[in-house]
Structure formats: C-alpha cells, structure tokens
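Novice: here is a sequence with its predicted model. Questions after.
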Amino acid sequence: MSDKVKPLPIVLATTAALVAAIMSAMVFGSVAIPVRDVVCAVLEPSAAAPGVRVIVWVVRMPRVIAAVAGGAALALSGLQMQTLFRNPLAGPFTLGISSGAGLGVAIVVLASGAGGVLGAVAEGFGGYGPYALVAAATAGAAAVLIAILFVARRMADITTILILGILFGYAANAVTTALLQIAEPQQVQSYVTWSFGSFAGVTWDQLQAFVPVIAAGVLLSFGLMKPLNALLLGERYAETLGMSVTRSRFAIIATTALLSGATTAFCGPIAFIGIAVPHLCRFALRSSDHRILIPACAATGALIAVLSDLIARLPGHDITLPLNAVTAMLGAPIVVWVIFQRSRVHSGAAQ
C-alpha cells in the first residue's frame, strides 16, 4: 500500500457518508419529511405526527436497514470470491447461489395454482406471498450451496469448483426458463418484479431473521482476514504458512453463500454491488490487505446500496425504478474502468 494513503480517514469518511445517506433516505421519498421531524419520530415516536411516524417506522426504516445489511453482505461476498478465485470479475453469485434462489421463487410464483407435483410444492409454501418467496429463495439457494460445499470438500482444483458452480447456475436457470414458458402472464410478471431486486419489501418481522444472519456472516468474514491474505499469494504459499487450504476454501465459500443467499432470499438478486465495490475500495485504499478491505467494503457496500435505493425511489415522484437498473448504472462504469486499468498494467509490463 502506498504510504500516502491512510486507510483510517477513508474508512471514517465512508462511514460519515453512510450516515448522511441514511438520513437522506429517511428524509426523501414520494413525500419529503423535514429532518427535525424524522429525528423526532426516531427518538420519540409518541411525540411525532401519526403520518410521519408511519412513514418513518413502517415504510422507510426497514427499507434502509435492509439496504445497509444487504449492501454490506454483497460487497463482502464479492471481495471473498475475487480473492478465492483470483478473478477480478468474480462476484457473490459466481457459484450459482442466485440462480438457485431464483429457481425456488420460480417454483412458488410460477407454479402456484398449477396441478401436479409443481402445484403441490407451491401450495406447500403457502402460495406466493412475501414470506413464501423468502422461504422458497432460501430453499433454492441452500440446495445449490449444499451441492457446492459437497464439491468443495472433494475437489482440489479451485477452477473446477468455479466451473461446476457456473454449471449449477445454468441448470437452475434452465429449469426457471422452462417454468416461465408454461406460466400465466400474471405469474411471469410476479417473477420478473422479484428479479428486479428491492429493499422495499423487507418487513420488521423479516428483519429479525435477515439482520442476524447477515451479522453472523460479517463476523465470519472478519475471522477470515488471515486466510484471505494468505491466498493472495497463491494456495501453495498459504500451505507453507501452515494453513489448511481446503478448510479455508470451505469456510470462504460457506460464508459467501450465507451472505449472498440471505440477501437474495429477502431482497432479490441485486447486481453489480458485489463486483464493483471491492474494486472501488482497492483503488481508493491502494491496498489488497483484507484487514483494511473487509471493513471498507462493508461500509462502502452499505453506502452504495442506500444511495442506489434512494435514487431508485425518484424522490418527489410516485414511480420507482428497478433497483438493479440503478446498481447497474453505478456499477458498470466501475467494472469497465477495472478492465481498462488491468489492460494498461499488462501493456506496460509487456513493454
């Protein structure tokens, strides 16, 4: 890391920006609420106007908490996948976890009301209400996770694990596509809406499950700092340090699946945050040290997620943009920039 770059001020500045973004998300929306009214509703709900209290506590606060947790989870998942596979374009959904979650949702949404086995499965999840979608996405993500962990325990080659994860994702997408083909238009629309990603549908009851799972995954990520740093120099180097590569790989994959799978289950498949944020942090901090990158990525991922959700709401308007459209507009330029930077580095090295 360059001596000119001090990570602590950057992390503190990012945290301050996150606090400002959270306040902005609480203030702005289809109806703007003065800052003093928001503070009053948060600190002393009984003294706030009933309408303000409902908007702050029922509509906006759960959405902001979900954005903070989901953004941090996706950024940490992407960081770990990029380090594990030594691939700058790896992301939290590289192993097919998102596709598995999508398949679970597709079975519930697209097969509800159908006869036969698919209809029975859908009815078992209770139709396709919010809780049923979460349960279905969790089941689908867990199925792919179990398959990936089974492979990870028995395969020594990390590239093989990556390829099989991608293949699992393709298989899940193939089944989802088949269900889309036979579904009714209204059912297809429900699935498409879920696939856009959103923090808006997460309720307080769901946060009681979502936040503890993400918190556990974040703590596990902090515990993986040393193995991740060792893997930067290759698996053979990590083994010379006495590290069990197989065990560490298993822990990294499990933690990533926990973070990305839970976020997908509750918020839908949210793109680009997991790929773009780690590169943004490496560039800003001029470091590959995970002792610095992990807290930085968590804070930056939460910041980008809150800002993306705020932009998607189009404050002052009654319409909402798809969240994935906003994250793609923010994240795609970062990924393009990374590709050009790597190309320039390789060109300079060749000369």
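Specialist: Received, thanks. Numbering: from 1, shown residues only.

Novice: right, and M23 touches V35 too?
Specialist: Yes: with contact defined as CB atoms under 8 Å, M23 reaches V35; the gap is 7.0 Å. In this view, the C-beta of every residue, glycine as well, is placed from N, C-alpha and C.

Novice: those two: which is more packed in?
Specialist: M23 (16 against 11; other CB atoms under 10 Å).

Novice: which secondary structure elements does the helix or strand hosting that one contact?
Specialist: Here M23 sits within helix 7-27, counting by DSSP states H and E. Packed against helix 7-27 by the contact rule (3 or more CB pairs under 8 Å, 6 or more residues apart in numbering; DSSP states H and E) you find helix 35-43, helix 61-85, helix 273-285, helix 290-313.

Novice: what average pLDDT does the third one get?
Specialist: Here the mean pLDDT over helix 273-285 is 90, rounded to a whole number.

Novice: cool, the first one as well?
Specialist: Computed over helix 35-43, the mean pLDDT rounds to 93.

Novice: got the buried residues for it?
Specialist: Neighbour-count burial for helix 35-43, counted by 16 or more other CB atoms under 10 Å, picks out 37-38, 40-41.

Novice: which helices and strands sit right next to that helix?
Specialist: helix 7-27, helix 50-54.

Novice: with the last one instead?
Specialist: For helix 290-313, the contact count by 3+ CB pairs under 8 Å, 6+ apart identifies helix 7-27, helix 61-85, helix 204-223, helix 225-231, helix 273-285, helix 323-350 as packing neighbours.

Novice: one more time with 6 Å
Specialist: helix 7-27, helix 61-85, helix 225-231, helix 273-285, helix 323-350 (3 or more CB pairs under 6 Å, 6 or more residues apart in numbering; DSSP states H and E).

Novice: with S195 as the reference, name the closest of those helices.
Specialist: Between S195 and these, the tightest spacing by CB to CB is seen for helix 323-350, at 7.7 Å.

Novice: any buried residues in stretch 195-211, and which?
Specialist: Buried residues in stretch 195-211, defined by neighbour count with 16+ other CB under 10 Å: 195-203, 206-207, 210-211.

Novice: keeping just the C-alphas, turn stretch 180-190 into PDB.
Specialist: C-alpha atoms of stretch 180-190 as PDB (Å, rounded to 0.1, in the frame of the first residue of the first chain):
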ATOM      1  CA  LEU A 180     -41.600 -19.300 -17.400                       C
ATOM      2  CA  GLN A 181     -42.600 -20.800 -20.700                       C
ATOM      3  CA  ILE A 182     -45.600 -22.600 -19.200                       C
ATOM      4  CA  ALA A 183     -46.700 -19.900 -16.700                       C
ATOM      5  CA  GLU A 184     -49.500 -17.400 -16.900                       C
ATOM      6  CA  PRO A 185     -48.600 -13.800 -17.800                       C
ATOM      7  CA  GLN A 186     -49.500 -12.600 -14.300                       C
ATOM      8  CA  GLN A 187     -47.200 -15.200 -12.700                       C
ATOM      9  CA  VAL A 188     -44.400 -14.300 -15.100                       C
ATOM     10  CA  GLN A 189     -44.800 -10.600 -14.100                       C
ATOM     11  CA  SER A 190     -44.600 -11.500 -10.400                       C
END
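
Novice: quick one: distance of that stretch to the chain centre.
Specialist: 26 Å (CA atoms, centre = their mean, to the nearest Å).

Novice: check which residues of it are buried.
Specialist: 183, 187-188, 190.

Novice: just these: which are in helices?
Specialist: 187-188, 190 (DSSP state H).

Novice: who's in contact with L321?
Specialist: The neighbourhood of L321, defined by CB atoms under 6 Å, 6 or more residues apart in numbering, consists of A312.

Novice: right, I'll call it a day here.
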